[in-house]
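Enquirer: task: produce atomic coordinates for the following.
(chains A and B)
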Protein chains: 2
Amino acid sequence: MKLATYKDGSRDGQLVVVSRDLSTTHYATGIANTLQQALDDWNFIAPQLQDLYVTLNQGKARHAFAFDSRMCMAPLPRAYQWADGSAYINHVELVRAARNSEVPATFYTDPLMYQGGSDDFLGPNDDVVVPSEAYGIDFEAEIAVVTGDVPMGATPEQALEGVRLLMLANDVSLRNLIPAELAKGFGFLQSKPATAFSPVAVTPDELGSAWEQGRVHLTLQSTWNGKVVGRCDAGPDMTFHFGQLIAHICKTRNVRAGSIVGSGTVSNKGIEADGQKVWPKGYSCIAEQRAIETLVSGQPRTEFMRFGDTIRIEMNGRDGASLFGAINQVIAPVA
Amino acid sequence: MKLATYKDGSRDGQLVVVSRDLSTTHYATGIANTLQQALDDWNFIAPQLQDLYVTLNQGKARHAFAFDSRMCMAPLPRAYQWADGSAYINHVELVRAARNSEVPATFYTDPLMYQGGSDDFLGPNDDVVVPSEAYGIDFEAEIAVVTGDVPMGATPEQALEGVRLLMLANDVSLRNLIPAELAKGFGFLQSKPATAFSPVAVTPDELGSAWEQGRVHLTLQSTWNGKVVGRCDAGPDMTFHFGQLIAHICKTRNVRAGSIVGSGTVSNKGIEADGQKVWPKGYSCIAEQRAIETLVSGQPRTEFMRFGDTIRIEMNGRDGASLFGAINQVIAPVA
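Expert: Okay, the predicted model is just below:
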């Protein structure tokens, strides 16, 4: 099923069920008011939402109305956890190669993840508000899952059973703040502003066979200022699957319902063509394109984002239809 | 006023008002069910809680009953943000000196903070469950504040106005996991298991003149296995006050209501006595004691915690009475 959160002036919004084709929607009133509430009691509430979803898809829901993604907050407008992986090691390899730094061997066995802020997420059409263009504004197109309760010590296979929903994310990064912040050793704080999520969160069964072994085997499309810059395969180059990422957190803690776990920037390996290395699938963040440019020609050419720039992130299912709706944001200065 | 969250089998527990002397309590039913709900609408709800608090202190609340801290969850059993500072630079200086590493000059002007997990906090009497003693189990006695909404770009003075409540925290650290994790560059994830908080959260006015310029001028007492190991002054050596810590996050983001911001390990400078440097106030985490031992005698003597160890963290007000109730935990293996 597909779920979204409609703006209603409250902090957590109003849970709605959305039809498979994203054309109609229906308030989940009487079942659950918010998505977190549904996740807190998933086994009891999900079947009721599923019943409404079936009725909605059949065109028989009595109070259905047209779905408008501009009414959406993030599916979870705030969450108790946002932990983002860097599961496409190819991305790390490219960025490191561009600065002549090797990827430590452990990076291929021990996932790289950071704990992000989760108190103030952006809806799919909310502006990305940044104090200064000089911070080096970059988008990062990712896939994220929402979990149920996963206990400390869970194996990757057990953790994978805890995946309740999938979403897309734009994990905005302020590239010029990152080197100094990471040099302090305590991870990201100022260099990761609010993250945005797709209009709709979907249960894994909506992906059919494209959801396989904890990976999404579909194409993530990134469109910057109207130009498609990335058509990246999310499946094959994902070094760690979502169960491994969740289990990584579970080594020393319980992961509680409503935790969001991200894939990191989706990234594909380059290929050899006419004796040259090329990256025909493009990129899911500008930093990667700049790394490629540095590798190829010695310096980056593509600048980071400016105020007024737009970024659109979307993924189609195997039927060609949009699975999650589109993230569609404008970069904006502080009002 | 003083607020706590009573266990009721739910994830967020039940908000209670606690008398100033921690002897009696009263459900906040009819005002707010949970502390997060009160924080979400503080200006409307806080005066009603305050009225109940006054009545409770006068012994006139109709359904008051004896307060029992064993019934407490963390005041916020889960939160949308837990960002922990390292505001006592003396602690950083000691730990770095012990490993012959200098403190970068920027550490005195730019707060060191990390984003922590906030989906699964521990109550004040909950066991600290750790998979292995070999991880190097350490307590960290800290002060934490709970904020209201603080907008992006807030100054330290504006951010300080956003402090709604104060608590104590035991920010448990797994010391032997930290070096490898921090070497990866993305901060703490596995080396910081669930954090515990004091039974009671209090509004700043409860501290009277001990709350001054964003610092708590009182003594934080840490008792390990029944022995007092720390009587640390929380005020004078706090390099960055809470307004500065909150404003640090606000550089590129909004901080939303119910965010918890920690001070980091409370730590005091050593003094010269008989030509020797000594630290008469003791320590608020074992790592600091080990650093001192290394500085004095070339190697650490004090081992980290073992299963069955107890840790008690408490702070008295200027009247000598416990302000927040005690954190009182046992270290335990996974069941």
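Enquirer: contacting residues for the residue of the stretch 51-200 of chain A found nearest chain B?
Expert: Nearest to chain B in the stretch 51-200 of chain A, going by C-beta to the nearest C-beta, is residue A:187, at a distance of 2.0 Å. The way it works is simple: take the backbone N, C-alpha and C, and place the C-beta from them, glycine included. Contacts of residue A:187 were listed using C-beta atoms under 8 Å, 6 or more residues apart in numbering or on different chains, and they are A:114-115, A:181, B:114-115, B:185-188.
Enquirer: among these, name the ones in strands.
Expert: Mapping the contacts of residue A:187 onto strands (DSSP state E) picks out A:114-115, B:114-115.
Enquirer: what's the most distant pair in those residues?
Expert: Using C-beta to C-beta, the ones in strands among the contacts of residue A:187 reach their maximum pairwise distance at A:114 and B:114, which is 9.5 Å.
Enquirer: about what we covered before: look up how far residue A:237 lies from the residue of the stretch 51-200 of chain A closest to chain B.
Expert: Look at residue A:187 and residue A:237: by C-beta to C-beta, to the nearest Å, they are 24 Å apart.
Enquirer: which pLDDT value belongs to residue A:113?
Expert: Here the pLDDT value assigned to residue A:113 is 97.
Enquirer: hang on, it packs against residue A:81?
Expert: No - contact criterion C-beta atoms under 8 Å: residue A:113 and residue A:81 do not qualify, at 11.4 Å.
Enquirer: any chance of TSV for the ones in strands among the contacts of residue A:187, columns distance to residue A:196?
Expert: What follows is the ones in strands among the contacts of residue A:187, written out as TSV (distance: C-beta to C-beta, whole Å):
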residue	distance to residue A:196
A:114	17
A:115	18
B:114	23
B:115	18
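Enquirer: and of the residues you listed, the nearest to residue A:26?
Expert: Nearest to residue A:26 among these is residue A:115, at 35.1 Å by C-beta to C-beta.
Enquirer: which residues does the closest one form a beta bridge with?
Expert: Counting by DSSP bridges, residue A:115 forms beta bridges with residue A:83.
Enquirer: show me where the stretch 201-335 of chain A has strands.
Expert: Remark: strands assigned in the stretch 201-335 of chain A by DSSP state E, counting those that start in this stretch are A:201-202, A:211-212, A:215-216, A:219-224, A:227-233, A:259-262, A:271-273, A:276-278, A:310-315, A:327-333.
Enquirer: okay if I get those as JSON lines plus mean pLDDT?
Expert: Output for these, formatted as JSON lines (pLDDT from 0 to 100):
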{"stretch": "strand A:201-202", "mean pLDDT": "98"}
{"stretch": "strand A:211-212", "mean pLDDT": "98"}
{"stretch": "strand A:215-216", "mean pLDDT": "98"}
{"stretch": "strand A:219-224", "mean pLDDT": "98"}
{"stretch": "strand A:227-233", "mean pLDDT": "98"}
{"stretch": "strand A:259-262", "mean pLDDT": "98"}
{"stretch": "strand A:271-273", "mean pLDDT": "93"}
{"stretch": "strand A:276-278", "mean pLDDT": "91"}
{"stretch": "strand A:310-315", "mean pLDDT": "98"}
{"stretch": "strand A:327-333", "mean pLDDT": "98"}
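Enquirer: now the strands for the stretch 51-200 of chain A?
Expert: A:65-66, A:81-85, A:113-116, A:128-130, A:137-138, A:141-147, A:163-170, A:173-174, A:196-197.
Enquirer: contacts for the fourth one?
Expert: I take that to be strand A:128-130. With contact meaning C-beta under 8 Å, 6+ apart, strand A:128-130 is reached by A:122, A:137, A:170, A:172, A:174, A:193-194, A:196, A:307, A:311, A:329-335, B:152, B:252.
Enquirer: now do 6 Å
Expert: A:137, A:172, A:329, A:331-332, A:334 (C-beta atoms under 6 Å, 6 or more residues apart in numbering or on different chains).
Enquirer: buried sites along it?
Expert: Of the residues in strand A:128-130, A:128-130 count as buried by neighbour count, 16 or more other C-beta atoms under 10 Å in any protein chain shown.
Enquirer: for the contacts of residue A:187, which one is nearest residue A:55?
Expert: Nearest to residue A:55 out of the contacts of residue A:187 is residue A:115 (C-beta to C-beta; 39.3 Å).
Enquirer: quick one: that closest one from residue B:75, how far?
Expert: Between residue A:115 and residue B:75 the distance is 21 Å, computed by C-beta to C-beta.
Enquirer: do the same with residue A:136
Expert: Distance, residue A:136 to residue B:75, using C-beta to C-beta: 38 Å.
Enquirer: cool, and residue A:164?
Expert: For residue A:164, the distance to residue B:75 - C-beta to C-beta - is 28 Å.
Enquirer: of these two, who's got more company?
Expert: Shown here are residue A:164 and residue B:75; by other C-beta atoms under 10 Å in any protein chain shown, residue B:75 has more neighbours (29 against 21).
Enquirer: shouldn't the more buried one be in contact with residue B:12?
Expert: No - between residue B:75 and residue B:12 no contact is recorded; they are 10.7 Å apart, counting by C-beta atoms under 6 Å.
Enquirer: which residues are in contact with each of the two?
Expert: With C-beta under 6 Å, 6+ apart, residue B:75 and residue B:12 have no common neighbours.
Enquirer: contacting residues around the residue nearest to residue A:93 when sequence neighbours are not counted?
Expert: In space, residue A:93 comes closest to residue A:103 once its chain neighbours are excluded; the distance is 5.4 Å by C-beta to C-beta, 6 or more residues apart in numbering or on different chains. Contact analysis of residue A:103 by C-beta under 6 Å, 6+ apart lists A:92-93, A:96.
Enquirer: equivalent analysis for residue A:35, please.
Expert: Contact analysis of residue A:35 by C-beta under 6 Å, 6+ apart lists A:5, A:15, A:75-76.
Enquirer: kindly report the same for residue A:19.
Expert: A:56-57.
Enquirer: same deal with residue A:25?
Expert: A:16, A:18, A:67 are the contacts of residue A:25 under C-beta under 6 Å, 6+ apart.
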